[in-house]
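Asks: build me a model from this:
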Amino acid sequence: MSDVEASLPRSYVFASIATVVLAGVATLVGLFVPGFYRDAPVLLPQVYGQDLLTLSVALPVFAVALYYAARGSLRGYVVWLGVDGYLLYTYASYSFMTAFNELYLVYTTLLWLTLATFVGGMVRLNAPEVKRTAGDLSVRPFVAFQVLLAVLVAFLWLAEVLPAALAGTVPPSVAEASLPTSVIYSLDLGIILPAFLLSAYWLRERRAWGYAFTGVLLVKAATLGLAVLTMAVFMLRSGDAVPAPVLVVFGLLTLSSLVLLARFLRSLEPAGDSSVGGRNRTGASAPGDGSESGGNDGPSRGT
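Replies: From the prediction side, this is the model:
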């Protein structure tokens, strides 16, 4: 069996290529077809910023990471999976929040493509091998960052949500966008922030899946943070007010995530000891069980 087949099945490669093509078309149409988006004016700078970041950063990184992941690179696999998580988040929000337009079916197709790839990719990831390759990496900065990110973002969102809930009104950002509710609040408070806290707990306990989730979530944090900052630029250009705390928090979180991501990736052995067996022969433990050895008998590059 070849390294490509052993590390990343062709179905995942084809799904990722389809994701790049469809997302590329969607972002180009959104950015360069005048009046394409039918959303409230307050939302337009946000979707334009998201599209620009996706087109100029996320998709190129995704394509390069896919290439290296298919060749057996552990670093490439982690980055590929993390950017897929960013694209899943992006097109989940487009599918549920963006006003209906001619690309609706493209958004929903991207939603299931990225969801299937992310779930399957996580299942195939050999968490004990990620922990082994990370070696003596100090976990304290990574634990602290994930907890801090969850607390700060929760504070920003709850500062709007709680007063509105207690007063029986609607948060200002939701009312201004003429939305029934905020998909972003729901995704962040219901999925993303709990994932960071769980990852931090597992990492603090030095469980294998804590290392695996930390690598993937750092990529997700970096790409999403850059997207928020790009949205802020478009909002400022359109004359909209952007709260200074939001800029400061996301600026610091983005910078920190990039620094920690670089440190984490450097700790992994380059393109080595394939962490994703073609038939899941690695014996990877279930999430959270603390197993540290996977009995990996699959092919390994560099041996």
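Asks: going by C-alpha atoms from here, please, whenever you check contacts or count neighbours.
Replies: Will do.
Asks: which stretches of this structure have low pLDDT?
Replies: Under the criterion pLDDT under 70, the flagged ranges of the chain are 1-7, 269-303.
Asks: return the distance of the lengthiest helix in it from the chain's centre.
Replies: Using DSSP state H, we find that the single longest helix of the chain is helix 208-237. Relative to its chain's centre, helix 208-237 lies at 6 Å (C-alpha atoms, centre = their mean, to the nearest Å).
Asks: show me what it is packed against.
Replies: helix 44-53, helix 74-97, helix 127-134, helix 193-204, helix 244-267 (3 or more C-alpha pairs under 8 Å, 6 or more residues apart in numbering; DSSP states H and E).
Asks: so can I have CSV of those helices showing distance to residue 120 and mean neighbour count?
Replies: Below are the helices and strands packed on helix 208-237 laid out as CSV (distance: least, C-alpha to C-alpha, whole Å; neighbours: other C-alpha atoms under 10 Å):
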stretch, distance to residue 120, mean neighbour count
helix 44-53, 25, 22
helix 74-97, 10, 24
helix 127-134, 14, 23
helix 193-204, 17, 20
helix 244-267, 21, 17
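Asks: now distance to residue 119 too, for the ones you listed, in a markdown table please.
Replies: Formatted as a markdown table, those follow (distance: least, C-alpha to C-alpha, whole Å):
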| stretch | distance to residue 119 |
| --- | --- |
| helix 44-53 | 23 |
| helix 74-97 | 9 |
| helix 127-134 | 14 |
| helix 193-204 | 14 |
| helix 244-267 | 21 |
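Asks: out of those helices, which is closest to residue 227?
Replies: helix 44-53 (5.4 Å; C-alpha to C-alpha).
Asks: of the helices and strands packed on helix 208-237, give the one that comes closest to residue 147.
Replies: Nearest to residue 147 among these is helix 193-204; the distance by C-alpha to C-alpha comes to 5.8 Å.
Asks: got the contact list for the closest one?
Replies: With C-alpha atoms under 8 Å, 6 or more residues apart in numbering as the contact definition, helix 193-204 has outside contacts at 139-140, 142-144, 146-147, 149-150, 153-154, 208-211, 213-214, 217, 288.
Asks: how far is it from where the chain is centred?
Replies: Distance of helix 193-204 from its chain centroid, counting by C-alpha atoms, centre = their mean, is 15 Å.
Asks: that helix vs helix 208-237, what angle?
Replies: Counting by axes from the mean of the first three to the mean of the last three C-alpha atoms, to 10 degrees, helix 193-204 lies at 140 degrees to helix 208-237.
Asks: render the CA-only coordinates of helix 193-204 in PDB, please.
Replies: The C-alpha coordinates for helix 193-204 follow below in PDB (Å, rounded to 0.1, in the frame of the first residue of the first chain):
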ATOM      1  CA  LEU A 193     -15.900  27.100  23.300                       C
ATOM      2  CA  PRO A 194     -16.800  23.800  25.000                       C
ATOM      3  CA  ALA A 195     -14.500  22.000  22.500                       C
ATOM      4  CA  PHE A 196     -11.600  24.300  23.600                       C
ATOM      5  CA  LEU A 197     -12.300  23.700  27.300                       C
ATOM      6  CA  LEU A 198     -12.500  19.900  26.800                       C
ATOM      7  CA  SER A 199      -9.300  20.000  24.800                       C
ATOM      8  CA  ALA A 200      -7.600  22.000  27.500                       C
ATOM      9  CA  TYR A 201      -8.700  19.600  30.200                       C
ATOM     10  CA  TRP A 202      -7.500  16.500  28.200                       C
ATOM     11  CA  LEU A 203      -4.200  18.200  27.500                       C
ATOM     12  CA  ARG A 204      -3.700  19.200  31.100                       C
END
